[in-house]
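Peer 1: This is a predicted model, with the sequence first.
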Amino acid sequence: MAQAVLTVGKAKTWSVPDWRPRRTTVLAFALLAPSLLFLALFTYWPVVQVLWQSLHGQVRVGGPQAYVGAQNFLKLFADPAFRKALANNLVYALGTVIPSLVLALGFAMALARSSRVNALFRALFFLPVLIPLVAAASIFLFLFLPNIGLIDYHLAKLAISGPNWLGDPDVALWSIMALTVWKNAGYYMLFFLAGLQAVPADAYEAAILDGAGPWQRLRYVTLPYLKPTIGFVLVIGLLNVVTQVDHVFVLTKGGPSDSTNLLLFYVYQQAVENYDAGRAAAGTLVMLALLLVVTASSLRTLERSFGEKDA
Amino acid sequence: MSAASISQASTGVSTGEISPKLGYAATLLVAALWMVPFLWMLVAAFNPENTGAGMASLVPSYIPTLANFREAWASADFPRYGLNTTIISLGILAVQIVTITLAGYAFARLEFPGRTLCFYLFLLQLMLAPVVLIVPNLTTIAKLGLYDSLLGVMAPYFASAFGTFLMRQAFMAIPRELEDAALIDGASVFQRIGFIYLPLAKPSLVAFSIVSVTAHWNEFLWPLMVINSPDLRPLTVGLASFTRGAEGAQAWGVIAAGTLLVSAPLLIAFALFQRAFVNSFVSSGIK
């Protein structure tokens, strides 16, 4: 409080015209300079670059770069592989974020009470978070292997024959999603465990005294208190949906027939395999727009936790 | 703590747990399912066989051998990959600690015009995940002459908005009087940061370090694009190409052994410093 009064006082002195920057200003920018330099090189400049590239292209093969307007975007959206990747990404988002969120909440609620056994189980759920996504994919490669793989081998004992987990275009994306849920649920569980600690014990006591059953306690006590945590995990989950495609690279390379292609992997293919800079740039912009939509919803929270607006 | 007081209040009806017994049992069941991939990795890695129909068994019926590890070790240069990954993760962390400490101090303790603008400029990095910018960043890296170098893999991560904000919060919690005392003694701003702020912000620094090293230890797509020479591959890229080779040979036991080798360092670190890991991952949840 007193500090706020002080800063207001200081702000007034700035308005006095002075041709020389104050010493603290120089110091502040000197301290920020290393960070700002790298941010400029690898965050702001690339955004400018993709904006420019997405609007330019070669009119003739081998010709100079010229302004082509929305042509790159038209070509992008005309590409069935891109439309497939976009649609896949939406299915992938719904099919990974919601199950991991529900599972993570379940794990956290079951293991909230601290005991040695619960600590062990929490650690077990957390293990997949620590291994590289590529390593997880290498393990799941055998799990999903037709006939002699782990899943088919054990299904065969029950006289069930499973589908071709990664080879069937109708199934492959769901197999990839199963891996993602396995990998991330333990991470989200940590946030719910932290969130549950903020639920006052009295609230449960009162609910139990009022005769509320477990589902009613979940609906009227736990969930309302966890609302900020749920929102936060939702944002992290959606960010992961856009930014993590390593397992696609190892398991399917986007196939069969683009059934597991996701946006980031599509952009990677356009840039590295097809050398189509304009289309890669346009694809990157679509992803940036999606990221901004996701993170803008959490901007308030970010501002409150880091910003000048914290009371 | 809260759980303990609930169980005192309840009188045996539902044992006062947040979830009923059935939910607890279901969770334990799912936990068993969750362990299957790890269990398979262990069982397959120590199997004297590395291919064939018996690989899917989760019950080891053999005398454990290191044959698969030997073959994995021979067919991919894991020590070299491990060294590259270590250089990348620690190199990024070393530069990050300098940049986030300086910027964090500026945001925590200095009043200057343009502060709010700078704050939003940093925030932008949190909103635009660097991995999405791999294509334009590859062009920049190539122009800087850093293509196919470890420095090229590291450079885009040298500034961290998340780390800066974490340090800012830690610094703001440190009483100004400590700095004022040092100021009277004639300490320069770098001395004040190095001898007063940094030591007192150690918990935040540790939290950030764990999150940063884990993230870059496990990173795949960006190093895959930047690195061309096999000698400069990090563990993840090495594992992916190793897996592709062994998959062709149907050598599943060797894949399991290689995957275990690559995953082991962080899993061991987690086993040793469980609490620190969990705390830092929770704090990575920006709230």
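Peer 2: Right, received. Where do you want to start?

Peer 1: In the stretch 151-287 of chain B, where is pLDDT below threshold?
Peer 2: B:284-287 (pLDDT under 70).

Peer 1: Spatially, what comes nearest to B:V213 if we skip its sequence neighbours?
Peer 2: Excluding the flanking residues, the one nearest B:V213 by CB to CB, 6 or more residues apart in numbering or on different chains is B:S89, at 4.6 Å. (Glycine included, C-beta is placed from N, CA and C.)

Peer 1: should've said B:A257
Peer 2: Leaving aside its sequence neighbours, B:A257 sits nearest to B:N68 (CB to CB, 6+ apart; 3.8 Å).

Peer 1: Please identify which helix or strand holds the one you found.
Peer 2: helix B:67-75 (DSSP states H and E).

Peer 1: other SSEs contacting that helix?
Peer 2: Where contact means 3 or more CB pairs under 8 Å, 6 or more residues apart in numbering or on different chains; DSSP states H and E, helix B:67-75 is packed against helix B:21-45, helix B:235-248, helix B:252-272.

Peer 1: Adding mean neighbour count and distance to A:T252, write these out as CSV.
Peer 2: CSV is the format used below for those (neighbours: other CB atoms under 10 Å in any protein chain shown; distance: least, CB to CB, whole Å):
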stretch, mean neighbour count, distance to A:T252
helix B:21-45, 17, 18
helix B:235-248, 21, 12
helix B:252-272, 22, 16
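
Peer 1: Give me the below-cutoff pLDDT ranges for chain A.
Peer 2: A:1-21, A:60-63, A:301-311.

Peer 1: before we move on, the earlier item: nearest to B:A201, of the helices and strands packed on helix B:67-75?
Peer 2: helix B:252-272 (21.7 Å; CB to CB).

Peer 1: Helix B:21-45 and that closest one, what's the angle between them?
Peer 2: Calculated by axes from the mean of the first three to the mean of the last three CA atoms, to 10 degrees, helix B:252-272 forms an angle of 130 degrees with helix B:21-45.

Peer 1: Which parts of the stretch 1-150 of chain A are strands?
Peer 2: Along the stretch 1-150 of chain A, the stretches classed as strands by DSSP state E, counting those that start in this stretch are A:56-58, A:65-67.

Peer 1: Please name every helix or strand in contact with the last one.
Peer 2: Pointing back at strand A:65-67 there. Strand A:65-67 packs on strand A:56-58, going by 3+ CB pairs under 8 Å, 6+ apart.

Peer 1: Also the first one?
Peer 2: Taking 3+ CB pairs under 8 Å, 6+ apart as contact, the helices and strands that strand A:56-58 lies on are strand A:65-67.

Peer 1: tell me which residues in stretch B:182-192 are buried?
Peer 2: For stretch B:182-192, burial by neighbour count (16 or more other CB atoms under 10 Å in any protein chain shown) applies to B:182, B:187, B:189, B:192.

Peer 1: Distance from the helix or strand harbouring A:M189 to the middle of the chain?
Peer 2: Using DSSP H and E, A:M189 maps to helix A:172-197. Distance, stretch centre to chain centre, for helix A:172-197: 12 Å (CA atoms, centre = their mean, to the nearest Å).

Peer 1: Report the buried residues of that helix.
Peer 2: So, applying 16+ other CB under 10 Å, buried residues of helix A:172-197: A:172-196.

Peer 1: helices or strands up against that helix?
Peer 2: Packed next to helix A:172-197, using 3+ CB pairs under 8 Å, 6+ apart, are helix A:80-110, helix A:116-130, helix A:133-143, helix A:223-243, helix A:246-251, helix B:21-45, helix B:274-283.

Peer 1: List the contacts of residue 103.
Peer 2: Reading this off chain A. Residues near A:L103 by CB atoms under 8 Å, 6 or more residues apart in numbering or on different chains: A:181, A:185, A:189, B:30.

Peer 1: you looked at the wrong chain, it should be chain B
Peer 2: A:31-32, A:34-35, B:122, B:159, B:164, B:167-168 are the contacts of B:A103 under CB under 8 Å, 6+ apart.
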